[in-house]
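In: okay, sequence plus prediction incoming.
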Amino acid sequence: MLRRTLLAGLGSALAGPALAETYPSRPITLVVPFAAGGPTDLMARIIGERMGKELGQQFIIDNTTGAAGTIAVGKAVRAAPDGYTISIGHLGTHVANGTIYKNLSYDLLTDLLPIARLPSNPMLVVSANAVPAQNLKELVDYLKANPDKVSGGTAGIGSASHLGALAFFAATGARYQLVPYRGTGPAVQDLIANQIQVMVDQSSNSLPHVRAGKIRAYAVTAKDRSAAAPEIPTAAEAGYPMEVAIWHGLWAPKGTPAAIVEKLNAAAVATLQDPAIRSRMEDLGQDVPTPTEMAPAAFAAFQRAEYAKWQKILSDANVKVE
Ligand code: MLT
């Protein structure tokens, strides 16, 4: 048994460099934890299309939804560690869920290998146009005057939009009913239709609809106003300081050869150095990380630090799903 294990281990060690030499020789599947049309899906399609050009292979988008991304991450963890199935996620799926969900079938910090950190964007406090409020103070007063009558969309417990809602509740003392969706793409469509009335949503998802006049923005959850939308005040300017930035990243299953992770990282770095991609991201309110911040080891250290930070925030707030 020991001999077989040693040979198997040696085999994978020897196979790694050989695998990397010909990698990628077929399309790469990118598992996206939320529905098409949302911010994670949009990031996946923009980044995947350009990384595919770098690597000479198509990226196939696999939207695997449910349970705020935990189903998708479980699928990504179990994928073959050969570089042909990787996953995209963010603060919610790859940090917060590790604290909130008690029975996950995986460990976010050891069962996945960080490939590259991706852009990060603040959130916007937004409402349906029908909501009778013209600024954040009026929105908060409206919510407090209509307790439990106003609904707001999230992508499930632990999602970025849920974390944003928690931060909003803590900063304002207001509440709204949390309605879970398979992603904030579908959720924002219901916001436009006034089926739900409020969201704290990633800037990249809501900003195009704000610009089109389909929903109203009250505040950005950042220390400073967004260069992409300087007309939107910060929450602090209205007297409700709250800062939530949703960063994204790419991960591979544990056991993926380092040489393959490096190839994927290099393609991601080249993608975010492309002026057209940078401009698209910045126009959506995204801050693009530097190549140094994107490096696998740096991203792994960043994820661990975020995990410790949010573990305390979420434990103190007693946020959990049994
Ligand atoms: C979230 O709320 O976690 C994301 O915005 C969901 C999504 O990308 O659809």
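Out: Okay, I see it. Numbers count the residues shown, from 1 in each chain.

In: secondary structure element for residue 281?
Out: For residue 281, the host element (DSSP states H and E) is helix 275-283.

In: sorry, wrong one. I was asking about residue 252.
Out: Assigned by DSSP H and E, residue 252 belongs to strand 245-253.

In: distance from the chain centre to stretch 66-85, please.
Out: Remark: stretch 66-85 is offset 15 Å from the chain centroid, using CA atoms, centre = their mean, to the nearest Å.

In: does the ligand sit close to that stretch?
Out: No. Stretch 66-85 lies out of reach of the ligand by CB under 6 Å from any ligand atom, never closer than 6.8 Å. Just so you know, the C-beta spots here come from the backbone N, C-alpha and C atoms, and that holds for glycine as well.

In: and the gap between the closest residue to residue 175 other than its chain neighbours and the ligand?
Out: Nearest residue to residue 175 in three dimensions, chain neighbours excluded: residue 169, at 5.8 Å (CB to CB, 6 or more residues apart in numbering). Counting by CB to the nearest ligand atom, to the nearest Å, the separation of residue 169 from the ligand is 16 Å.

In: cool, residue 248 as well?
Out: On the measure of CB to the nearest ligand atom, residue 248 and the ligand end up 9 Å apart.

In: so what's the backbone phi/psi at the nearest residue to that residue once chain neighbours are set aside?
Out: Spatially, and ignoring its direct neighbours in sequence, residue 248 is nearest to residue 118 (3.9 Å; CB to CB, 6+ apart). Residue 118 adopts backbone torsions of phi -120, psi 180, taken as degrees, to the nearest 10.

In: could you dump the helix holding residue 281 to CSV, C-alpha only?
Out: Extracted as CSV, the C-alpha positions of helix 275-283 are listed here (Å, rounded to 0.1, in the frame of the first residue of the first chain):
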residue,chain,number,x,y,z
PRO,A,275,-6.4,48.8,-21.5
ALA,A,276,-9.8,47.9,-23.0
ILE,A,277,-10.5,45.4,-20.1
ARG,A,278,-9.3,47.9,-17.5
SER,A,279,-11.5,50.6,-18.9
ARG,A,280,-14.5,48.3,-18.9
MET,A,281,-13.9,47.3,-15.3
GLU,A,282,-13.3,50.9,-14.1
ASP,A,283,-16.4,52.1,-15.9
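
In: what packs against it?
Out: Judged by 3 or more CB pairs under 8 Å, 6 or more residues apart in numbering; DSSP states H and E, the packing partners of helix 275-283 are helix 39-55, helix 258-273.

In: for the residue of the chain found nearest the ligand, give me phi and psi.
Out: Going by CB to the nearest ligand atom, the ligand is nearest to residue 38 of the chain, at 2.5 Å. Dihedral angles phi and psi of residue 38 (degrees, to the nearest 10) take the values phi -100, psi -180.

In: go ahead and confirm it touches residue 201.
Out: No. Contact criterion CB atoms under 8 Å: residue 38 and residue 201 do not qualify, at 9.2 Å.

In: and the pLDDT for residue 14?
Out: The per-residue pLDDT reported for residue 14 equals 55.

In: next one: residue 322
Out: 62.

In: the closest residue to residue 65 other than its chain neighbours: what secondary structure?
Out: Sequence neighbours aside, residue 182 is the residue nearest to residue 65 in space, at 4.0 Å (criterion: CB to CB, 6+ apart). Look at residue 182: counting by DSSP: H, G, I helix; E, B strand; the rest coil, its state is coil.

In: wait, residue 182 sits on residue 33?
Out: No. Between residue 182 and residue 33 there is no contact under CB under 8 Å: 9.7 Å.

In: show me whatever sits in contact with both of these two.
Out: The contact sets of residue 182 and residue 33 overlap at residue 65 (CB atoms under 8 Å, 6 or more residues apart in numbering).

In: which elements pack onto whichever strand or helix holds residue 73?
Out: Per DSSP H and E, residue 73 falls inside helix 70-78. Judged by 3+ CB pairs under 8 Å, 6+ apart, the packing partners of helix 70-78 are strand 28-32, strand 85-90, strand 112-128, strand 245-253.

In: now do it against strand 85-90, angle only.
Out: Relative orientation of helix 70-78 versus strand 85-90 (axes from the mean of the first three to the mean of the last three CA atoms, to 10 degrees): 140 degrees.

In: can you get me a residue count around residue 93?
Out: Counted by other CB atoms under 10 Å, the residues lying close to residue 93 total 29.

In: got it, and the one 5 residues further on?
Out: Neighbourhood size, residue 98 [other CB under 10 Å]: 21.
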